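Chemist: All I have is the shape, not the residue letters:
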């Protein structure tokens, strides 16, 4: 049974330069205890989807479509209900931990915030809960860590504190938006292991947004590849790494170190201008005349979905 | 060539009693033009500090750094200005490296103004450098926020190339970028090195990237530099 269903989601930002079509007709489903990894280039709309789910987008964003979470359409519920869902039923781990934490509040105060907001805990109770969560996240001295401030922690420690806060109330869905960006390899491994362990213990589902394919490979069940605001391939993780079908997915795997860092030629298209046909055609080595004028649909092929005329 | 001899650096913090923390201790290494020295190490081991010392952004170090045989701490203008132009640094966060309120065109022209390039030659210089980094002139009227991370990193690189540098410290230039854009930037850097004979100090915590880019490799640990590969 699905926990989250996104149907025909479109997000358009109105800016001085024009309308930015950040997300185009995206549909996806996350089942209970499943991890879906959303991968793609910076600016392709991955984080916009995450922020649409939690309704955290700025006022210049127009959202269309349906986001069904446990049967409720999150785009239709009132703000009070939405506030009760945020942090309790759906938690988000933001990228850049140093910016996501408030520099003037202690770590303990911030990690314990969900208990104060959703469970009316007092200051002492929330700090006690923070100590428990930080020890769960394998902090050496959680009692002293709760008294420290974000600037006294390294990037990895801040990220673990954020994860602790996100997992505080055992949410049904965790949205991890680039949880490992800017961290070194050893820390990435530790953080991903802790995140996955916690997710399994609490039977949560996860939407993992990342551009690190190693991270996606290690913990996701499904991979959804986005390019220029569109889904181009949705595929079980193992199949993606064994036989990517969309030319962009193939290019991504060719960019990996083990394949010699072969870059995909060209640049991704502007989200303001309307590019006709397939969004990837200017960079695709297999592009033909049809790709320039006609937009390919998302086709079901061997248990996956692919947006490419090559498989028509 | 840039040569570091017994370079040490310590941070002091706390008040009223200052505590001293040694970040770099007795670092000696030769950084050659046309070659890449890969610098690895965990977060907080002083990789960026060493990079900033090499380009002259941090001066309170002990030891000696020489550029083409001259001690940089003794350089006076115009030699100091020449050194600062020839040895440049590319930072990790591409968007934070550019002024968000200035269009790309203005950010690039700033560099040309400092170097006193006549106005009538600026347009051509900008077109040439954009071609080198693989961008079109359509980007000139945009702001950094309207560009992707990889495009901003190319613009930062273009600003550096306008100064015709001999050596660039690359401080985690691809860690904020996607895997496909990372491959593009690494490819571009290798092409630039081949065509212009640039020397690089490539700072990264990614062993695969360091291995791919570097001729020599060193690891910073507990303030000391261990050279693990010489080339």
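Modeler: Cool, the structure landed. Here the structure is a predicted model, which is why all the values come from computation and not from measurement.

Chemist: what's stretch B:218-228 in contact with?
Modeler: Contacts made with stretch B:218-228 from outside it, assessed by C-beta atoms under 8 Å, 6 or more residues apart in numbering or on different chains, are listed as B:8, B:22-29, B:37-42, B:45-47, B:50, B:216-217. Where you see a C-beta, it was placed from the backbone N, CA and C, and this is true even at glycine.

Chemist: which of these are close to chain A?
Modeler: Residues of the contacts of stretch B:218-228 in contact with chain A (C-beta under 8 Å from any C-beta of the partner chain): residue B:42.

Chemist: burial measure for residue B:165, as a count.
Modeler: 21 (other C-beta atoms under 10 Å in any protein chain shown).

Chemist: Correction: the previous question concerned residue B:138.
Modeler: Neighbours around residue B:138, by other C-beta under 10 Å: 11.

Chemist: In ChimeraX, how would I select just the buried ones from the contacts of stretch B:218-228?
Modeler: Those of the contacts of stretch B:218-228 that count as buried under 16 or more other C-beta atoms under 10 Å in any protein chain shown are selected in ChimeraX with:
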select /B:23,24,25,27,29,37,38,39,40,41,42,45,46,47,50,216,217
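
Chemist: ok, and residue B:169, which helix or strand is that part of?
Modeler: Assessed by DSSP states H and E, residue B:169 sits inside strand B:167-171.

Chemist: Parallel or antiparallel, list what pairs with that strand.
Modeler: strand B:87-90 (parallel), strand B:199-203 (parallel) (DSSP bridges).

Chemist: who in chain B is up against chain A?
Modeler: Counting by C-beta under 8 Å from any C-beta, chain B sits next to chain A at B:42-44, B:92, B:134-135, B:142, B:146, B:148-151, B:172, B:175-184, B:186-187, B:205-209, B:212.

Chemist: Name the residues of stretch A:8-16 that are buried.
Modeler: For stretch A:8-16, by 16+ other C-beta under 10 Å, it's A:9-13.

Chemist: From those, pick the one nearest chain B.
Modeler: residue A:13 (11.3 Å; C-beta to the nearest C-beta).

Chemist: what helix or strand is the closest one on?
Modeler: strand A:2-15.

Chemist: So which other helices or strands are in contact with the helix or strand that that strand is followed by?
Modeler: Next in sequence after strand A:2-15, counting helices and strands by DSSP H and E, comes strand A:18-31. Under the contact definition 3 or more C-beta pairs under 8 Å, 6 or more residues apart in numbering or on different chains; DSSP states H and E, strand A:18-31 sits against strand A:2-15, helix A:46-53, strand A:205-209, strand A:230-236.

Chemist: Using TSV, please lay out those together with mean pLDDT and distance to residue A:150.
Modeler: Shown next, in TSV, are the helices and strands packed on strand A:18-31 (pLDDT from 0 to 100; distance: least, C-beta to C-beta, whole Å):
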stretch	mean pLDDT	distance to residue A:150
strand A:2-15	94	30
helix A:46-53	94	21
strand A:205-209	95	22
strand A:230-236	97	35
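
Chemist: would you turn these into CSV with distance to chain B?
Modeler: Converted to CSV, the helices and strands packed on strand A:18-31 look like this (distance: least, C-beta to the nearest C-beta, whole Å):
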stretch, distance to chain B
strand A:2-15, 8
helix A:46-53, 10
strand A:205-209, 12
strand A:230-236, 13
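
Chemist: Please identify the deepest-packed of these.
Modeler: strand A:205-209 (a mean of 26; mean count of other C-beta atoms under 10 Å in any protein chain shown).

Chemist: mind listing what that strand pairs with, with the direction of each?
Modeler: strand A:35-39 (parallel), strand A:173-177 (parallel).

Chemist: Mean pLDDT per helix and strand in chain A: which one sits at the bottom?
Modeler: Every helix and strand in chain A was compared by mean pLDDT, DSSP states H and E; the lowest is helix A:97-100, with a mean of 79.

Chemist: From the chain's centroid, how far away is that helix?
Modeler: Distance of helix A:97-100 from its chain centroid, counting by C-alpha atoms, centre = their mean, to the nearest Å, is 16 Å.

Chemist: just the strands in chain B please.
Modeler: B:2-13, B:19-31, B:36-40, B:62-67, B:70-71, B:87-90, B:167-171, B:199-203, B:216-221, B:224-229 (DSSP state E).

Chemist: Among those strands, which comes closest to residue A:221?
Modeler: strand B:36-40 (33.2 Å; C-beta to C-beta).

Chemist: what about the strands in chain A?
Modeler: Using DSSP E, the strands assigned to chain A run over residues A:2-15, A:18-31, A:35-39, A:61-69, A:72-73, A:90-93, A:173-177, A:205-209, A:222-227, A:230-236, A:299-301, A:304-306.

Chemist: Pull up the pairing partners for the second one, direction included.
Modeler: Strand A:18-31 sits in its sheet next to strand A:2-15 (antiparallel), going by DSSP bridges.

Chemist: quick one: the strand it pairs with to chain centroid distance?
Modeler: With C-alpha atoms, centre = their mean, you get 13 Å for strand A:2-15.

Chemist: same check, this time on stretch B:105-123
Modeler: 21 Å.

Chemist: What is the neighbour count of the closest residue to residue A:188 other than its chain neighbours?
Modeler: Counting by C-beta to C-beta, 6 or more residues apart in numbering or on different chains, residue A:180 is the residue found nearest to residue A:188 once chain neighbours are left out, at 4.4 Å. Neighbourhood size, residue A:180 [other C-beta under 10 Å]: 24.

Chemist: my guess is residue A:180 contacts residue A:186, does it?
Modeler: No. Taking C-beta atoms under 8 Å as the definition, residue A:180 is not a contact partner of residue A:186, at 11.2 Å.

Chemist: show me the contacts for the closest residue to residue B:136 other than its chain neighbours.
Modeler: Nearest non-adjacent residue to residue B:136, counting by C-beta to C-beta, 6+ apart: residue B:130, 6.9 Å away. By C-beta under 8 Å, 6+ apart, residue B:130 lies in contact with B:136-137, B:139-140, B:158.

Chemist: which regions of the chain lie under the pLDDT threshold?
Modeler: Chain wasn't specified; assuming chain A. Residues of chain A meeting the criterion pLDDT under 70: A:182.

Chemist: List the contacts of the helix ranked longest in it.
Modeler: Ranked by residue count, the top helix of chain A under DSSP state H comes out as helix A:185-201. Residues from elsewhere that reach helix A:185-201 (C-beta under 8 Å, 6+ apart): A:33, A:35, A:93, A:136-138, A:155-156, A:159-160, A:163, A:167, A:174, A:176, A:179-180, A:183, A:204-206, A:212, A:214-215, A:218-219, B:42-43, B:205-207.

Chemist: Separate out the buried members of these.
Modeler: Members of the contacts of helix A:185-201 classed as buried by 16+ other C-beta under 10 Å are A:35, A:93, A:136-137, A:155-156, A:159-160, A:163, A:167, A:174, A:176, A:179-180, A:183, A:204-206, A:212, A:214-215, A:219, B:42, B:205-206.
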